[in-house]
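>>> pasting a predicted model and its sequence here:
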Amino acid sequence: MTEPLVTILDDEPEIRQLLADTLQEAGFRTMSFGRATEFEAALKSCQPDLCLVDLSLPDRDGLTLVHRLALEQGATVIIISGRAQVQDRITGLELGADDYIIKPFDPSEVVARIRARLRKGKATKSSGDTAQFEGWTAHFDRFTLEDIEGTETPFSHAEGAVLRLFLESPKRLVTRAYMQETLGGAAGESFDRAMDVRISRLRTKLQEDPKNPRLIKTIYGAGYIFLGDVSWR
């Protein structure tokens, strides 16, 4: 079995070396980059299991890169940044990051969060790669929603995790606490805001009426219920 590949994008050589050494000791393969252009070029010939991305890059806006990775490539992304403000964490999660680690960090915590995120990724494959519901088909192998006419709309890895959670629990209450426990990340304002944004984007992609959604219903003070019939294959 091939060890998971983790890419490290950070403009500080000491941070790259620290992360690479720690992850290799923990059994991961790594590739390290100091510039976004080098990282994006490497992605044409490799597919990492997880990307560690710093936001303060010399040649590219880190948040824009995170959003593109999550939406266009369905990549699992963990931000590692010195930006500690709540709004920075909220923005990063809103744009599709799966987790946010603040510098300075404990290397063992980074390893633990990577392992937890990869375990969650494996667990989400238990039902299959494709779900059909109410005229829609969700392709989790390529991160797209297909409508009845065959038009496909991409969704991010983080949006896909929320969608799969709903599709695996149709017509059952999904509480905020369960979402936090299942999807990971620290509870609080940043997690709640990120979930609100991801659900709003999913509703838009499913062509839902925001004032009266038909599929993803909000149960105020409790959580959400997905009302469609779902079949997996």
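Arrived safely, thanks for sending.
>>> how near is Asp88 to Arg201?
20 Å (Cβ to Cβ, to the nearest Å). C-beta: built from backbone N, CA, C; applies to glycine.
>>> can you give me the strands in the protein?
Counting by DSSP state E, the chain has these strands, from start to end: 5-9, 29-33, 50-53, 77-81, 99-102, 130-133, 136-139, 144-146, 152-154, 173-175, 216-219, 223-226, 230-232.
>>> JSON lines please, covering these and showing distance to Lys44, mean pLDDT and mean neighbour count.
JSON lines is the format used below for the strands of the chain (distance: least, Cβ to Cβ, whole Å; pLDDT from 0 to 100; neighbours: other Cβ atoms under 10 Å):
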{"stretch": "strand 5-9", "distance to Lys44": "13", "mean pLDDT": "96", "mean neighbour count": "23"}
{"stretch": "strand 29-33", "distance to Lys44": "13", "mean pLDDT": "97", "mean neighbour count": "18"}
{"stretch": "strand 50-53", "distance to Lys44": "14", "mean pLDDT": "96", "mean neighbour count": "25"}
{"stretch": "strand 77-81", "distance to Lys44": "18", "mean pLDDT": "93", "mean neighbour count": "23"}
{"stretch": "strand 99-102", "distance to Lys44": "25", "mean pLDDT": "90", "mean neighbour count": "20"}
{"stretch": "strand 130-133", "distance to Lys44": "27", "mean pLDDT": "95", "mean neighbour count": "18"}
{"stretch": "strand 136-139", "distance to Lys44": "22", "mean pLDDT": "96", "mean neighbour count": "18"}
{"stretch": "strand 144-146", "distance to Lys44": "20", "mean pLDDT": "95", "mean neighbour count": "18"}
{"stretch": "strand 152-154", "distance to Lys44": "18", "mean pLDDT": "93", "mean neighbour count": "14"}
{"stretch": "strand 173-175", "distance to Lys44": "38", "mean pLDDT": "90", "mean neighbour count": "15"}
{"stretch": "strand 216-219", "distance to Lys44": "36", "mean pLDDT": "92", "mean neighbour count": "14"}
{"stretch": "strand 223-226", "distance to Lys44": "37", "mean pLDDT": "92", "mean neighbour count": "20"}
{"stretch": "strand 230-232", "distance to Lys44": "32", "mean pLDDT": "92", "mean neighbour count": "14"}
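>>> reformat those as a markdown table; add distance to Ala116.
Rendered in a markdown table, the data for the strands of the chain read as follows (distance: least, Cβ to Cβ, whole Å):
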| stretch | distance to Ala116 |
| --- | --- |
| strand 5-9 | 13 |
| strand 29-33 | 18 |
| strand 50-53 | 11 |
| strand 77-81 | 10 |
| strand 99-102 | 9 |
| strand 130-133 | 24 |
| strand 136-139 | 24 |
| strand 144-146 | 26 |
| strand 152-154 | 25 |
| strand 173-175 | 20 |
| strand 216-219 | 26 |
| strand 223-226 | 22 |
| strand 230-232 | 24 |
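>>> excluding its backbone neighbours, what's nearest the residue most central in space within the chain?
Taking Cα atoms, centre = their mean, the centroid of the chain lies closest to Ala158, which sits 2.9 Å from it. Leaving aside its sequence neighbours, Ala158 sits nearest to Gly96 (Cβ to Cβ, 6 or more residues apart in numbering; 4.9 Å).
>>> one more: Phe105?
Spatially, and ignoring its direct neighbours in sequence, Phe105 is nearest to Ile80 (6.8 Å; Cβ to Cβ, 6+ apart).
>>> so how far is Leu18 from the residue nearest to the centre of the chain?
Look at Ala158 and Leu18: by Cβ to Cβ, they are 26 Å apart.
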